[in-house]
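A.B. asks: All I have is the shape, not the residue letters:
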(Lines give C-alpha, C1' and ligand atoms only; values in the text may rest on other atoms or scores of the structure.)
Protein backbone atom coordinates (compact mmCIF):
# COMPACT_ATOMS: atom_id res chain seq x y z
CA UNK A 1 0.00 0.00 0.00
CA UNK A 2 1.02 3.60 -0.51
CA UNK A 3 -0.92 5.09 2.42
CA UNK A 4 -3.17 3.74 5.17
CA UNK A 5 -6.50 5.23 6.19
CA UNK A 6 -7.51 7.42 7.94
CA UNK A 7 -4.18 8.98 8.93
CA UNK A 8 -2.57 8.53 5.48
CA UNK A 9 0.62 7.21 7.08
CA UNK A 10 3.24 5.65 4.78
CA UNK A 11 2.63 1.89 4.85
CA UNK A 12 6.25 0.99 4.05
CA UNK A 13 7.48 3.31 6.82
CA UNK A 14 5.33 1.42 9.33
CA UNK A 15 6.18 -2.11 8.23
CA UNK A 16 9.77 -2.07 6.96
CA UNK A 17 11.44 -1.52 10.37
CA UNK A 18 9.30 -4.29 11.87
CA UNK A 19 10.19 -6.73 9.06
CA UNK A 20 13.90 -5.95 9.39
CA UNK A 21 13.69 -6.47 13.17
CA UNK A 22 12.04 -9.87 12.64
CA UNK A 23 14.63 -10.86 10.03
CA UNK A 24 17.51 -10.05 12.39
CA UNK A 25 16.00 -11.42 15.62
CA UNK A 26 18.11 -14.30 16.99
CA UNK A 27 15.02 -16.20 18.16
CA UNK A 28 13.15 -15.98 14.84
CA UNK A 29 13.74 -18.61 12.15
CA UNK A 30 12.32 -17.09 8.98
CA UNK A 31 11.39 -19.86 6.53
CA UNK A 32 10.62 -18.28 3.18
CA UNK A 33 8.96 -20.01 0.21
CA UNK A 34 7.77 -22.73 2.58
CA UNK A 35 4.45 -24.45 3.19
CA UNK A 36 3.07 -26.66 5.93
CA UNK A 37 2.40 -30.19 4.67
CA UNK A 38 1.36 -32.06 7.78
CA UNK A 39 0.50 -31.40 11.44
CA UNK A 40 0.24 -34.15 14.03
CA UNK A 41 0.51 -34.48 17.79
CA UNK A 42 -1.31 -32.31 20.30
CA UNK A 43 -1.14 -29.12 22.37
CA UNK A 44 2.38 -28.44 23.65
CA UNK A 45 3.94 -30.96 21.26
CA UNK A 46 2.72 -30.46 17.71
CA UNK A 47 4.84 -32.14 15.06
CA UNK A 48 4.91 -30.03 11.89
CA UNK A 49 6.26 -31.13 8.52
CA UNK A 50 7.29 -28.20 6.31
CA UNK A 51 8.24 -28.23 2.64
CA UNK A 52 10.94 -25.62 1.97
CA UNK A 53 11.04 -24.84 -1.71
CA UNK A 54 14.50 -24.00 -3.01
CA UNK A 55 14.99 -20.27 -3.60
CA UNK A 56 18.03 -21.22 -5.77
CA UNK A 57 19.82 -18.12 -4.45
CA UNK A 58 21.95 -18.16 -1.27
CA UNK A 59 20.56 -15.29 0.86
CA UNK A 60 23.78 -15.07 2.88
CA UNK A 61 25.83 -14.45 -0.28
CA UNK A 62 23.37 -12.38 -2.32
CA UNK A 63 23.91 -8.61 -2.06
CA UNK A 64 20.84 -7.69 -4.16
CA UNK A 65 22.98 -6.00 -6.81
CA UNK A 66 20.45 -6.92 -9.57
CA UNK A 67 23.12 -8.10 -12.06
CA UNK A 68 21.36 -11.46 -12.38
CA UNK A 69 17.97 -9.92 -13.19
CA UNK A 70 19.54 -7.43 -15.61
CA UNK A 71 20.75 -10.25 -17.86
CA UNK A 72 17.79 -12.62 -17.40
CA UNK A 73 15.94 -12.81 -20.75
CA UNK A 74 12.60 -13.99 -19.32
CA UNK A 75 9.86 -11.58 -18.22
CA UNK A 76 6.56 -12.60 -16.64
CA UNK A 77 3.70 -10.80 -14.90
CA UNK A 78 4.61 -9.50 -11.45
CA UNK A 79 2.41 -10.93 -8.68
CA UNK A 80 3.50 -8.13 -6.36
CA UNK A 81 2.34 -5.50 -8.85
CA UNK A 82 -0.91 -7.40 -9.40
CA UNK A 83 -0.01 -8.13 -13.02
CA UNK A 84 0.15 -4.49 -14.16
CA UNK A 85 3.94 -4.74 -14.52
CA UNK A 86 6.49 -7.49 -15.21
CA UNK A 87 9.39 -9.09 -13.36
CA UNK A 88 12.24 -11.39 -14.39
CA UNK A 89 12.48 -15.13 -13.76
CA UNK A 90 15.08 -14.28 -11.11
CA UNK A 91 13.74 -11.44 -9.01
CA UNK A 92 13.38 -9.83 -5.62
CA UNK A 93 9.70 -9.92 -4.60
CA UNK A 94 9.53 -6.24 -3.62
CA UNK A 95 12.00 -3.45 -2.71
CA UNK A 96 11.73 -3.93 1.09
CA UNK A 97 11.69 -7.73 1.00
CA UNK A 98 13.15 -9.63 3.97
CA UNK A 99 15.52 -11.33 3.44
CA UNK A 100 16.87 -8.85 0.91
CA UNK A 101 17.85 -11.51 -1.60
CA UNK A 102 16.79 -12.68 -5.05
CA UNK A 103 14.80 -15.82 -5.75
CA UNK A 104 14.32 -17.95 -8.88
CA UNK A 105 10.87 -18.76 -10.25
CA UNK A 106 11.29 -22.37 -11.48
CA UNK A 107 8.13 -22.18 -13.59
CA UNK A 108 9.63 -19.29 -15.61
CA UNK A 109 13.35 -20.11 -15.50
CA UNK A 110 14.70 -21.40 -18.84
CA UNK A 111 17.47 -23.39 -17.13
CA UNK A 112 15.04 -25.24 -14.84
CA UNK A 113 12.50 -25.88 -17.57
CA UNK A 114 15.15 -27.21 -19.96
CA UNK A 115 16.81 -29.36 -17.27
CA UNK A 116 20.01 -27.35 -17.42
CA UNK A 117 20.40 -27.35 -21.19
CA UNK A 118 19.73 -23.66 -21.88
CA UNK A 119 20.41 -20.17 -20.47
CA UNK A 120 21.95 -19.94 -16.98
CA UNK A 121 22.88 -16.30 -17.61
CA UNK A 122 22.22 -15.37 -13.98
CA UNK A 123 24.80 -17.90 -12.77
CA UNK A 124 27.45 -16.51 -15.10
CA UNK A 125 26.77 -12.88 -14.20
CA UNK A 126 26.66 -13.29 -10.41
CA UNK A 127 30.05 -12.19 -9.07
CA UNK A 128 29.19 -13.51 -5.58
CA UNK A 129 28.44 -17.04 -6.86
CA UNK A 130 25.15 -16.88 -4.99
CA UNK A 131 22.93 -18.45 -7.67
CA UNK A 132 22.54 -22.25 -7.54
CA UNK A 133 19.94 -23.28 -10.09
CA UNK A 134 20.31 -26.98 -9.22
CA UNK A 135 19.30 -26.49 -5.57
CA UNK A 136 16.64 -28.92 -4.34
CA UNK A 137 13.56 -28.61 -2.15
CA UNK A 138 13.81 -30.04 1.35
CA UNK A 139 11.43 -31.20 4.05
CA UNK A 140 11.91 -29.99 7.62
CA UNK A 141 10.18 -31.39 10.70
CA UNK A 142 9.67 -29.31 13.85
CA UNK A 143 8.12 -29.91 17.25
CA UNK A 144 6.34 -26.81 18.54
CA UNK A 145 4.16 -26.01 21.53
CA UNK A 146 1.85 -23.48 19.86
CA UNK A 147 0.74 -22.52 16.36
CA UNK A 148 -0.54 -19.10 15.25
CA UNK A 149 -2.46 -19.03 11.95
CA UNK A 150 -2.16 -15.72 10.06
CA UNK A 151 -2.87 -16.69 6.46
CA UNK A 152 -4.70 -13.47 5.58
CA UNK A 153 -7.09 -13.21 2.66
CA UNK A 154 -7.38 -13.09 -1.09
CA UNK A 155 -9.25 -10.40 -2.97
CA UNK A 156 -12.52 -11.20 -4.71
CA UNK A 157 -12.08 -11.72 -8.46
CA UNK A 158 -14.36 -9.11 -10.12
CA UNK A 159 -14.22 -10.96 -13.43
CA UNK A 160 -16.94 -13.15 -11.89
CA UNK A 161 -19.29 -10.13 -12.15
CA UNK A 162 -19.19 -9.55 -15.89
CA UNK A 163 -21.29 -6.40 -15.85
CA UNK A 164 -18.47 -4.41 -14.24
CA UNK A 165 -16.27 -4.86 -17.29
CA UNK A 166 -13.12 -6.03 -15.53
CA UNK A 167 -10.61 -7.31 -18.12
CA UNK A 168 -13.04 -6.32 -20.85
CA UNK A 169 -11.98 -2.66 -20.54
CA UNK A 170 -8.31 -1.85 -19.85
CA UNK A 171 -9.00 1.03 -17.47
CA UNK A 172 -11.27 -0.86 -15.09
CA UNK A 173 -8.97 -1.73 -12.18
CA UNK A 174 -9.23 -3.60 -8.91
CA UNK A 175 -8.37 -1.93 -5.62
CA UNK A 176 -5.02 -3.73 -5.32
CA UNK A 177 -4.07 -2.83 -8.89
CA UNK A 178 -4.72 0.82 -8.09
CA UNK A 179 -2.71 0.49 -4.87
CA UNK A 180 0.31 -0.53 -6.95
CA UNK A 181 -0.35 2.13 -9.59
CA UNK A 182 -0.44 4.97 -7.06
CA UNK A 183 2.49 3.63 -5.01
CA UNK A 184 5.81 5.47 -5.35
CA UNK A 185 7.56 2.10 -5.86
CA UNK A 186 4.99 0.99 -8.45
CA UNK A 187 5.40 0.70 -12.22
CA UNK A 188 4.70 4.41 -12.86
CA UNK A 189 6.49 5.83 -9.84
CA UNK A 190 3.15 6.70 -8.26
CA UNK A 191 1.72 8.57 -11.25
CA UNK A 192 -1.97 7.91 -11.90
CA UNK A 193 -2.25 7.35 -15.65
CA UNK A 194 -4.48 5.48 -18.07
CA UNK A 195 -3.55 2.24 -19.75
CA UNK A 196 -2.48 2.82 -23.35
CA UNK A 197 -1.37 0.58 -26.17
CA UNK A 198 2.36 0.30 -26.67
CA UNK A 199 4.52 -1.83 -28.94
CA UNK A 200 6.44 -4.59 -27.18
CA UNK A 201 9.80 -4.61 -28.91
CA UNK A 202 10.49 -8.19 -27.94
CA UNK A 203 7.20 -9.74 -29.11
CA UNK A 204 6.53 -7.10 -31.82
CA UNK A 205 2.94 -6.88 -30.59
CA UNK A 206 0.94 -4.04 -29.08
CA UNK A 207 0.02 -4.40 -25.41
CA UNK A 208 -2.02 -2.40 -22.90
CA UNK A 209 0.46 -0.93 -20.42
CA UNK A 210 0.75 1.81 -17.82
CA UNK A 211 3.28 4.26 -19.27
CA UNK A 212 4.55 6.84 -16.73
CA UNK A 213 4.22 9.44 -19.49
CA UNK A 214 0.73 8.27 -20.48
CA UNK A 215 -2.44 10.39 -20.34
CA UNK A 216 -3.98 11.17 -16.95
CA UNK A 217 -7.64 10.42 -16.20
CA UNK A 218 -9.90 13.46 -15.99
CA UNK A 219 -12.65 11.56 -14.19
CA UNK A 220 -12.58 8.47 -11.95
CA UNK A 221 -15.45 6.35 -10.57
CA UNK A 222 -15.08 4.17 -7.49
CA UNK A 223 -17.60 1.33 -7.11
CA UNK A 224 -18.13 -0.07 -3.59
CA UNK A 225 -19.11 -3.58 -2.44
CA UNK A 226 -17.82 -5.56 -5.42
CA UNK A 227 -18.34 -9.16 -4.36
CA UNK A 228 -19.46 -8.21 -0.83
CA UNK A 229 -23.01 -7.92 0.56
CA UNK A 230 -24.10 -9.86 -2.50
CA UNK A 231 -26.33 -12.93 -2.33
CA UNK A 232 -24.72 -14.31 -5.47
CA UNK A 233 -21.19 -14.12 -4.06
CA UNK A 234 -20.27 -13.12 -0.47
CA UNK A 235 -23.13 -12.07 1.79
CA UNK A 236 -20.94 -10.48 4.45
CA UNK A 237 -19.50 -6.95 4.60
CA UNK A 238 -15.74 -6.86 4.00
CA UNK A 239 -15.40 -3.90 6.40
CA UNK A 240 -12.39 -2.19 4.80
CA UNK A 241 -13.81 -1.33 1.36
CA UNK A 242 -15.63 1.90 2.24
CA UNK A 243 -12.60 3.41 3.90
CA UNK A 244 -10.00 2.38 1.34
CA UNK A 245 -12.33 3.69 -1.38
CA UNK A 246 -12.44 7.06 0.37
CA UNK A 247 -8.65 6.90 0.62
CA UNK A 248 -8.46 6.32 -3.15
CA UNK A 249 -10.67 9.35 -3.74
CA UNK A 250 -8.31 11.48 -1.66
CA UNK A 251 -5.22 10.17 -3.47
CA UNK A 252 -6.76 10.93 -6.87
CA UNK A 253 -7.70 14.46 -5.80
CA UNK A 254 -4.24 14.96 -4.28
CA UNK A 255 -2.33 13.85 -7.39
CA UNK A 256 -4.85 15.06 -9.99
CA UNK A 257 -6.49 18.16 -8.46
CA UNK A 258 -8.59 18.84 -11.54
CA UNK A 259 -10.04 15.32 -11.79
CA UNK A 260 -13.69 14.55 -11.04
CA UNK A 261 -14.13 11.68 -8.56
CA UNK A 262 -17.40 9.79 -8.06
CA UNK A 263 -18.01 7.33 -5.18
CA UNK A 264 -20.93 4.90 -5.56
CA UNK A 265 -21.82 3.15 -2.29
CA UNK A 266 -24.66 1.11 -0.78
CA UNK A 267 -24.18 2.09 2.89
CA UNK A 268 -21.21 4.06 4.20
CA UNK A 269 -19.66 2.06 7.04
CA UNK A 270 -17.17 4.51 8.55
CA UNK A 271 -17.22 2.94 12.02
CA UNK A 272 -13.68 3.40 13.41
CA UNK A 273 -11.76 6.10 15.20
CA UNK A 274 -11.37 9.08 12.86
CA UNK A 275 -13.28 7.34 10.04
CA UNK A 276 -16.37 9.56 9.97
CA UNK A 277 -14.13 12.63 10.05
CA UNK A 278 -12.21 11.23 7.07
CA UNK A 279 -15.50 10.85 5.16
CA UNK A 280 -16.34 14.50 5.84
CA UNK A 281 -12.87 15.49 4.67
CA UNK A 282 -13.39 13.67 1.37
CA UNK A 283 -16.71 15.45 0.81
CA UNK A 284 -15.02 18.81 1.48
CA UNK A 285 -12.39 17.96 -1.14
CA UNK A 286 -15.12 17.90 -3.77
CA UNK A 287 -15.67 14.17 -4.22
CA UNK A 288 -19.17 13.26 -5.45
CA UNK A 289 -20.41 10.69 -2.92
CA UNK A 290 -23.49 8.98 -4.39
CA UNK A 291 -25.63 6.46 -2.51
CA UNK A 292 -26.94 3.68 -4.73
CA UNK A 293 -26.01 0.38 -6.33
CA UNK A 294 -24.00 0.37 -9.54
CA UNK A 295 -25.72 -1.61 -12.27
CA UNK A 296 -22.93 -1.89 -14.83
CA UNK A 297 -19.84 -0.41 -16.42
CA UNK A 298 -20.16 -0.12 -20.18
CA UNK A 299 -18.26 1.57 -23.00
CA UNK A 300 -19.60 3.97 -25.60
CA UNK A 301 -17.32 5.32 -28.33
CA UNK A 302 -14.26 4.47 -26.22
CA UNK A 303 -15.64 6.24 -23.14
CA UNK A 304 -16.46 4.27 -20.00
CA UNK A 305 -20.01 4.76 -18.72
CA UNK A 306 -21.01 3.96 -15.13
CA UNK A 307 -24.72 3.23 -14.84
CA UNK A 308 -26.52 3.01 -11.52
CA UNK A 309 -28.89 4.73 -9.15
CA UNK A 310 -28.90 7.71 -6.86
CA UNK A 311 -31.38 6.71 -4.14
CA UNK A 312 -31.20 10.09 -2.40
CA UNK A 313 -32.19 11.98 -5.57
CA UNK A 314 -34.50 9.13 -6.60
CA UNK A 315 -33.18 8.75 -10.14
CA UNK A 316 -31.01 6.60 -12.38
CA UNK A 317 -27.59 8.02 -13.26
CA UNK A 318 -25.11 7.43 -16.05
CA UNK A 319 -21.69 9.03 -15.64
CA UNK A 320 -18.92 9.14 -18.29
CA UNK A 321 -15.49 8.47 -16.74
CA UNK A 322 -11.96 7.63 -17.87
CA UNK A 323 -11.13 5.11 -15.12
CA UNK A 324 -13.16 2.82 -12.85
CA UNK A 325 -11.84 1.42 -9.56
CA UNK A 326 -13.60 -1.67 -8.22
CA UNK A 327 -13.60 -1.91 -4.42
CA UNK A 328 -13.30 -5.70 -4.26
CA UNK A 329 -14.10 -7.48 -1.02
CA UNK A 330 -12.07 -9.94 1.02
CA UNK A 331 -12.50 -13.69 1.07
CA UNK A 332 -10.59 -16.62 2.63
CA UNK A 333 -7.19 -17.43 1.17
CA UNK A 334 -6.81 -20.30 -1.24
CA UNK A 335 -5.97 -23.43 0.72
CA UNK A 336 -7.85 -22.39 3.86
CA UNK A 337 -10.04 -25.51 3.77
CA UNK A 338 -7.06 -27.87 3.49
CA UNK A 339 -5.20 -26.07 6.28
CA UNK A 340 -8.25 -26.20 8.56
CA UNK A 341 -8.47 -29.98 8.11
CA UNK A 342 -4.74 -30.33 8.70
CA UNK A 343 -4.87 -28.34 11.94
CA UNK A 344 -8.19 -29.73 13.10
CA UNK A 345 -9.84 -26.34 13.55
CA UNK A 346 -13.26 -25.24 12.37
CA UNK A 347 -14.49 -22.77 9.79
CA UNK A 348 -17.67 -20.72 9.64
CA UNK A 349 -20.14 -20.93 6.76
CA UNK A 350 -18.37 -18.11 4.88
CA UNK A 351 -15.08 -20.03 4.96
CA UNK A 352 -13.17 -18.03 7.59
CA UNK A 353 -11.43 -19.80 10.47
CA UNK A 354 -13.67 -20.16 13.50
CA UNK A 355 -12.61 -18.79 16.89
CA UNK A 356 -13.38 -20.20 20.33
CA UNK A 357 -15.53 -17.27 21.44
CA UNK A 358 -16.15 -14.17 19.34
CA UNK A 359 -16.77 -11.98 22.39
CA UNK A 360 -14.46 -13.31 25.09
CA UNK A 361 -11.67 -15.17 23.28
CA UNK A 362 -11.44 -14.24 19.57
CA UNK A 363 -7.84 -15.43 19.14
CA UNK A 364 -8.17 -19.03 20.44
CA UNK A 365 -9.63 -21.98 18.55
CA UNK A 366 -11.30 -25.19 19.69
CA UNK A 367 -7.88 -26.85 19.36
CA UNK A 368 -5.56 -26.20 22.28
CA UNK A 369 -2.36 -24.33 21.44
CA UNK A 370 -3.63 -23.17 18.03
CA UNK A 371 -4.56 -19.51 17.64
CA UNK A 372 -5.77 -17.27 14.81
CA UNK A 373 -5.03 -13.63 14.08
CA UNK A 374 -5.89 -11.16 11.36
CA UNK A 375 -8.16 -11.47 8.37
CA UNK A 376 -7.96 -15.28 8.24
CA UNK A 377 -10.58 -15.22 11.05
CA UNK A 378 -12.79 -12.67 9.25
CA UNK A 379 -12.58 -9.28 7.49
CA UNK A 380 -10.99 -6.57 9.63
CA UNK A 381 -8.81 -3.49 9.25
CA UNK A 382 -5.28 -2.84 10.50
CA UNK A 383 -6.04 -1.73 14.11
CA UNK A 384 -8.28 -4.76 14.72
CA UNK A 385 -5.71 -7.07 13.14
CA UNK A 386 -2.92 -5.71 15.34
CA UNK A 387 -5.07 -6.06 18.46
CA UNK A 388 -5.94 -9.67 17.68
CA UNK A 389 -2.33 -10.50 16.81
CA UNK A 390 -1.20 -9.06 20.14
CA UNK A 391 -3.77 -11.24 21.91
CA UNK A 392 -2.53 -14.35 20.11
CA UNK A 393 1.06 -13.50 21.04
CA UNK A 394 -0.07 -13.05 24.65
CA UNK A 395 -1.62 -16.52 24.67
CA UNK A 396 1.62 -18.06 23.41
CA UNK A 397 3.78 -16.15 25.91
CA UNK A 398 1.52 -17.23 28.76
CA UNK A 399 1.90 -20.86 27.72
CA UNK A 400 5.69 -20.51 27.52
CA UNK A 401 6.05 -18.74 30.87
CA UNK A 402 3.66 -21.03 32.74
CA UNK A 403 4.68 -24.21 30.97
CA UNK A 404 0.99 -25.05 30.56
CA UNK A 405 -0.73 -25.25 27.16
CA UNK A 406 -4.52 -24.99 27.02
CA UNK A 407 -6.10 -28.31 26.08
CA UNK A 408 -8.39 -28.86 23.10
CA UNK A 409 -12.09 -28.41 23.79
CA UNK A 410 -12.80 -31.99 22.72
CA UNK A 411 -10.48 -33.24 25.50
CA UNK A 412 -12.21 -31.28 28.27
CA UNK A 413 -15.28 -32.22 30.27
CA UNK A 414 -18.41 -30.07 30.37
CA UNK A 415 -17.65 -28.66 33.83
CA UNK A 416 -14.13 -27.62 32.84
CA UNK A 417 -15.40 -25.91 29.69
CA UNK A 418 -17.89 -23.91 31.77
CA UNK A 419 -15.19 -23.01 34.31
CA UNK A 420 -12.80 -21.73 31.62
CA UNK A 421 -15.58 -19.77 29.91
CA UNK A 422 -16.49 -18.11 33.20
CA UNK A 423 -12.84 -17.28 33.89
CA UNK A 424 -12.50 -15.57 30.50
CA UNK A 425 -15.46 -13.29 31.19
CA UNK A 426 -14.26 -12.13 34.62
CA UNK A 427 -13.25 -8.43 34.78
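C.D. replies: Nice, thanks for sending it over. Just so you know, these numbers come straight off a predicted model, no measurement behind them. Numbers count the residues shown, from 1 in each chain.
A.B. asks: Now tell me which helix or strand of this protein has the poorest mean pLDDT.
C.D. replies: helix 414-425 (a mean of 56; mean pLDDT, DSSP states H and E).
A.B. asks: so how far is residue 124 from residue 110?
C.D. replies: Residue 110 sits 13 Å away from residue 124, taking Cβ to Cβ, to the nearest Å as the criterion. Bear in mind the C-beta positions are built from the backbone N, C-alpha and C, glycine included.
A.B. asks: And residue 408, how far from residue 397?
C.D. replies: From residue 408 across to residue 397, the span is 20 Å (Cβ to Cβ).
A.B. asks: Those two: which has the busier surroundings?
C.D. replies: For residue 408 and residue 397, the more surrounded residue by other Cβ atoms under 10 Å is residue 408, and the numbers stand at 17 against 11.
A.B. asks: Thought residue 346 was touching the more buried one, still the case?
C.D. replies: No - in this structure, residue 408 is not within contact of residue 346 by Cβ atoms under 8 Å, at 11.7 Å.
A.B. asks: what sits in contact with each of those two?
C.D. replies: Common neighbours of residue 408 and residue 346, using Cβ atoms under 8 Å, 6 or more residues apart in numbering, are residue 366.
A.B. asks: Residue 370 contacts residue 343, correct?
C.D. replies: Yes - counting by Cβ under 8 Å, residue 370 touches residue 343, with 5.7 Å between them.
A.B. asks: which ones are touching the residue lying closest to residue 269 once chain neighbours are set aside?
C.D. replies: Distances taken as Cβ to Cβ, 6 or more residues apart in numbering put residue 242 closest to residue 269, at 4.9 Å, once the chain neighbours are dropped. By Cβ under 8 Å, 6+ apart, the residues touching residue 242 are 224, 265, 268, 269, 270, 327.
A.B. asks: element containing the first one, please.
C.D. replies: In this structure, residue 224 sits in strand 219-226 according to DSSP states H and E.
A.B. asks: leaving aside the residues next to it on the chain, what's closest to residue 63?
C.D. replies: In space, residue 63 is closest to residue 128, 6.1 Å off (Cβ to Cβ, 6+ apart).
A.B. asks: isn't the one you found right up against residue 61?
C.D. replies: Yes - checked against Cβ under 8 Å, the pair residue 128 and residue 61 is within contact range at 4.9 Å.
A.B. asks: if we can go back for a sec, between the contacts of residue 242, which is nearest residue 237?
C.D. replies: Nearest to residue 237 among the contacts of residue 242, counting by Cβ to Cβ, is residue 269 at 6.5 Å.
A.B. asks: if we can go back for a sec, higher neighbour count, residue 110 and residue 124?
C.D. replies: Legend: neighbour count by other Cβ under 10 Å for residue 110 and residue 124, higher for residue 110 (18 against 11).
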